[in-house]
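> predicted model, plus sequence, below.
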Amino acid sequence: MTRRFVLAFTLAALTLGQSPALDAQTDAITIRAPRMIDGRGGERADVMVTVKEGKIRVLGPAAGPATYDLTGLTLLPGFIDTHVHIGWHFDANGRYATGPEPADQAVLYAAENAWVTMMAGFTTIQSVGSPGDKALRDAINRGILPGPRLLSSLGQISNPKLTPNELRGLVRKFKADGADLVKIFASASIRDGGVPTLSQAQLDAVCGEAKAQGLRSMVHAHAPEAMMRAARAGCTVVEHGGLANAEALALLAEKGVWFDPNIGLVTQNYLENRAKFLGIGNYTDEGFASMEKALGLKDAMFSAALKTKNLKMVMGTDAVAGAHGQNMREIIERVKSGQAPMDAIRSLTSLAAESMNLHHEIGAIQPGHNADLVAVEGNPLTDITALQRVRFVMRGGTVYKYEKP
């Protein structure tokens, strides 16, 4: 176990050791905040939130002493990132780890990534692409490891040679293995031009079977045609859309398919860590040139998305090795590129929860919801970078971070 693992888990253990004393769940916890953004577009001043047994029980005007006084802070629902790769990491040589590596080492890296992500205010994440997520997800759910609520696809569907019937069978296998959703590659990577890779019949089969199995479907698609095939197939959400045009965006809106554009972190992180990826798989000079070109198109694509009537946009980062804990860069970039701060906040709280069918449990500050709460220094409605100054993190009624400003 490396020194940074020891440090991460020592911090986690210390936090957990403090939590029962601070947050005895047999007693109510009260949180007083001078400003609250509720996650659904509302804002209130001077509120008191009462938490008991992991749930928000009362939301009312501030009165009397509180267990936690968040003077100088803005209270929000816990943040949600709908698209991460929590196990991706750099190895001891500073290179992107593609394996094989011991399973215990891999899960420790993933746990470290989960911890730094939660310390950045993200109390729920959705990790797509790896069977290894299951052990981490289940350990967090059992309460033996601190971390954000974790949902996972436990793998991905990417083989264009599979028949529709074979694709349906693969979806059923993911369901049997305990996946929370299915991840589907309908186009090549942007490093390989982003061209469509699955036919309409194949997407109809996989997204149709996912729906029949009660699973959501997340579709990686860069090319407009790949996006439109996903929309016609009734898939849940389209990711990336690096080459999206007005027709593709309009069809997503018409079909009620969510769109997650990933403009603020993943490509920037690849370029910043070029030397750690270069030479592995399709991380070539040509691939990085394609990413740089796509980055230059992001503002026009995102501007078109903002102008598309009834398009439902959600917040995901596609965080990979080097990006974990920096998730909020996505929102900062979206606001810089023209999105209203309140809309951006909704995309990483209530809208993210809705896209994951968890809107009755998380994503808003209201009685009955899970007590996933975050407080930041400053007012993100006037300075969106305040969302990076996280001073308080509560997940499921347990406080993991509390720093007085």
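The structure has been received and is ready for your questions. Numbers count the residues shown, from 1 in each chain.
> report the central residue of this protein.
residue 81 (1.5 Å; Cα atoms, centre = their mean).
> measure it to residue 144 for me?
23 Å (Cβ to Cβ, to the nearest Å). C-betas here are computed from N, CA, C, even on glycine.
> ditto for residue 236
31 Å.
> can you check residue 95 too?
31 Å.
> which one of those two has more residues nearby?
residue 95 (16 against 9; other Cβ atoms under 10 Å).
> and the more buried one, what does it touch?
By Cβ atoms under 8 Å, 6 or more residues apart in numbering, residue 95 lies in contact with 276-277, 280.
> try residue 370
Counting by Cβ under 8 Å, 6+ apart, residue 370 has contacts 54-56, 361-362, 396-397.
> which SS class is the closest residue in space to residue 292 that isn't next to it in sequence?
Nearest residue to residue 292, sequence neighbours excluded (Cβ to Cβ, 6 or more residues apart in numbering): residue 271, at 6.8 Å. Three-state call for residue 271 (DSSP: H, G, I helix; E, B strand; the rest coil): helix.
> tell me the contacts of residue 339?
Residue 339 touches 302, 306, 347, counting by Cβ under 8 Å, 6+ apart.
> so which residues of the stretch 101-250 of the chain form strands?
122-127, 149-152, 181-185, 216-221, 237-240 (DSSP state E, counting those that start in this stretch).
> count the neighbours of the residue nearest to residue 347 when sequence neighbours are not counted for me.
Spatially, and ignoring its direct neighbours in sequence, residue 347 is nearest to residue 315 (4.2 Å; Cβ to Cβ, 6+ apart). Neighbourhood size, residue 315 [other Cβ under 10 Å]: 27.
> which of the helices or strands spans residue 315?
Secondary structure assignment for residue 315, by DSSP states H and E: no helix or strand.
> ok, the one 10 residues further on next?
Counting by DSSP H and E, residue 325 is held by no secondary-structure element, helix or strand.
> look up how far residue 86 lies from the spatially closest residue to it that is not a sequence neighbour.
Nearest residue to residue 325 in three dimensions, chain neighbours excluded: residue 116, at 3.6 Å (Cβ to Cβ, 6+ apart). To residue 86, residue 116 is 11 Å away according to Cβ to Cβ.
> then residue 223?
27 Å.
> between those two, which is the more surrounded one?
Per other Cβ under 10 Å, whichever of residue 223 and residue 86 has more neighbours is residue 86, with 30 against 24.
> burial of the nearest residue to the more buried one once chain neighbours are set aside, as a residue count?
Nearest residue to residue 86 in three dimensions, chain neighbours excluded: residue 127, at 4.2 Å (Cβ to Cβ, 6+ apart). Counted with other Cβ under 10 Å, residues neighbouring residue 127 total 29.
> helices of the stretch 1-150 of the chain, residue ranges please.
Ranges of helices in the stretch 1-150 of the chain, per DSSP state H, counting those that start in this stretch, are 3-22, 103-119, 133-142.
> which of those has the lowest mean pLDDT?
For the helices of the stretch 1-150 of the chain, the weakest mean pLDDT is recorded on helix 3-22, namely a mean of 41.
> circling back: bridging residues for the residue nearest to the centre of the chain?
Counting by DSSP bridges, residue 81 is bridged to residue 125.
> now the longest helix seen in the chain: average pLDDT?
Secondary structure of the chain per DSSP state H: the longest helix is helix 285-307. Regarding helix 285-307, the rounded mean pLDDT is 93.
> who touches the spatially closest residue to residue 198 that is not a sequence neighbour in this structure?
Counting by Cβ to Cβ, 6+ apart, residue 186 is the residue found nearest to residue 198 once chain neighbours are left out, at 4.7 Å. Contacts of residue 186 were listed using Cβ under 8 Å, 6+ apart, and they are 196-198, 203, 219-221, 226-227, 229-230.
> rewinding a little: and the pLDDT for the residue nearest to residue 292?
Confidence score, pLDDT, at residue 271: 96.
> dump the contacts of residue 339 into TSV; add distance to residue 159 and neighbour count as well.
Conversion of the contacts of residue 339 to TSV gives the following (distance: Cβ to Cβ, whole Å; neighbours: other Cβ atoms under 10 Å):
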residue	distance to residue 159	neighbour count
302	31	22
306	35	17
347	32	23
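> nearest to residue 161, of the strands of the stretch 101-250 of the chain?
strand 181-185 (12.6 Å; Cβ to Cβ).
> how big is the angle separating the closest one from strand 122-127?
Using axes from the mean of the first three to the mean of the last three Cα atoms, to 10 degrees, one finds that strand 181-185 and strand 122-127 are set 50 degrees apart in direction.
> other residues contacting strand 181-185?
126, 128-129, 151-153, 155-158, 171, 174, 197-198, 203, 206-207, 210, 215-220, 230, 235-236.
> repeat the analysis, applying 7 Å as the threshold.
128-129, 151, 153, 156-158, 171, 174, 197, 206, 210, 215-220 (Cβ atoms under 7 Å, 6 or more residues apart in numbering).
> show me where the stretch 301-405 of the chain has strands.
Under the criterion DSSP E, counting those that start in this stretch, the stretch 301-405 of the chain contains strands at 373-377, 390-395, 398-402.
> packing partners for the longest one?
Packed against strand 390-395, as judged by 3 or more Cβ pairs under 7 Å, 6 or more residues apart in numbering; DSSP states H and E, are the following elements: helix 103-119, strand 373-377, strand 398-402.
> let's see that with 6 Å instead.
When contacts are defined as 3 or more Cβ pairs under 6 Å, 6 or more residues apart in numbering; DSSP states H and E, strand 390-395 packs onto strand 373-377, strand 398-402.
> in stretch 265-272, which residues are buried?
Of all the residues in stretch 265-272, those buried under the rule 16 or more other Cβ atoms under 10 Å are 265-270.
> same thing with stretch 29-41?
29-40.
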